[in-house]
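A.B. asks: Kindly return the folded structure for what I paste below:
(one chain, ligands or ions: 2)
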Amino acid sequence: MTLELTWWGHACFTLKSPQQTILIDPFFDQSPTAPIKAAQAEADFILQTHAHFDHLADTVPIALRTGATVLANFEICEWLKCQGIADEKLIAMNLGGGVSLPWGRVKMTLAHHSSSFPDGSYGGSPCGFLVEVADRKIYFAGDTALFFDMKLIGLVGLDVAVLPIGDLFTMGPADSIEAIKLLNCRRVVPSHYNTWPPIRQDAATWADRVRSHTACDPLVLEPGFPIEL
Ligand code: NI
Ligand code: MN
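C.D. replies: Ligands and ions are numbered 1, 2, ... in the order given. This next block holds a predicted model:
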């Protein structure tokens, strides 16, 4: 079954199978690197890793327009209810928990980061997602530091890991190499970089480093150009 991954810049991705479109951390209208606007984004499901604005900015308008179901932690789901998202369009989860859906399975994984809403209120635990769809296992690490338990996440046999490499707010290039070794993933996609100058990284240099230090294949994406997984 075909499965397409599109990077929209920053940490925003679309995972598209013939059955459904899964949008991760919608961030379009305020993103300097997104090639489309939130009004053009498609979604049947939205996965929300945490409440920071660079991940949550466009979740509400997209969910309301598309009728997408949002998977997020309990605190974010409660907040989304207050923004007018219907209860039946929310799947509240927490770390370590998974949910089976008609098209696959989504598990909420650990992330070492923080999570607050734009007004400063508590956004629950930040997370990553392990997505099983179309016979592939894809890990979206979310905003996180390197942590040794990535070893456990990788035990399922990952086809692709999406890892932040921007440094400053998340792990940087050097720690991403260690993450790849722990995850033992077949392919790796970098995210959360080159959105703004403080998280500028040279993706080609990073990819060379991945090739020379690991057995993993780096996939550097251009915003808006889908690749087949
Ligand atoms: Ni964040
Ligand atoms: Mn972020």
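
A.B. asks: which bits of the chain sit near ligand 2?
C.D. replies: 54, 143 (CB under 5 Å from the ion). Where you see a C-beta, it was placed from the backbone N, CA and C, and this is true even at glycine.

A.B. asks: hmm, try it at 6 Å
C.D. replies: Residues of the chain lying near ligand 2 by CB under 6 Å from the ion: 11, 52, 54, 55, 143, 169, 192.

A.B. asks: what's the average pLDDT for stretch 27-42?
C.D. replies: For stretch 27-42, the mean per-residue pLDDT is 98.

A.B. asks: now do the same end-to-end measure for that stretch.
C.D. replies: This stretch, stretch 27-42, spans 13 Å end to end (CA to CA, to the nearest Å).

A.B. asks: With stretch 180-190 instead?
C.D. replies: Across stretch 180-190, the terminal residues are separated by 11 Å (CA to CA).

A.B. asks: what ranges do the helices span in the protein?
C.D. replies: If DSSP state H is used as the criterion, the helices of the chain fall at 53-56, 59-66, 74-82, 150-154, 173-183, 203-213.

A.B. asks: Determine which of these approaches ligand 1 most closely.
C.D. replies: helix 53-56 (6.1 Å; CB to the ion).

A.B. asks: What residues sit buried inside the closest one?
C.D. replies: 54, 55, 56 (16 or more other CB atoms under 10 Å).

A.B. asks: residues in contact with the first one?
C.D. replies: Residues in contact with residue 54 (CB atoms under 8 Å, 6 or more residues apart in numbering) are 10, 11, 25, 27, 30, 31, 195.

A.B. asks: Give me the phi and psi angles of the closest residue to residue 49 other than its chain neighbours.
C.D. replies: Distance criterion CB to CB, 6 or more residues apart in numbering; nearest residue to residue 49, sequence neighbours excluded, is residue 142 at 3.5 Å. The phi and psi values for residue 142, taken as degrees, to the nearest 10, are phi 70, psi -170.

A.B. asks: these two touch, right, residue 142 and residue 114?
C.D. replies: No. Using CB atoms under 8 Å, residue 142 is not in contact with residue 114, being 11.6 Å away.

A.B. asks: Between these two, which is the more surrounded one?
C.D. replies: Each of residue 142 and residue 114 has its neighbours counted (other CB atoms under 10 Å); residue 142 has more, 30 against 14.
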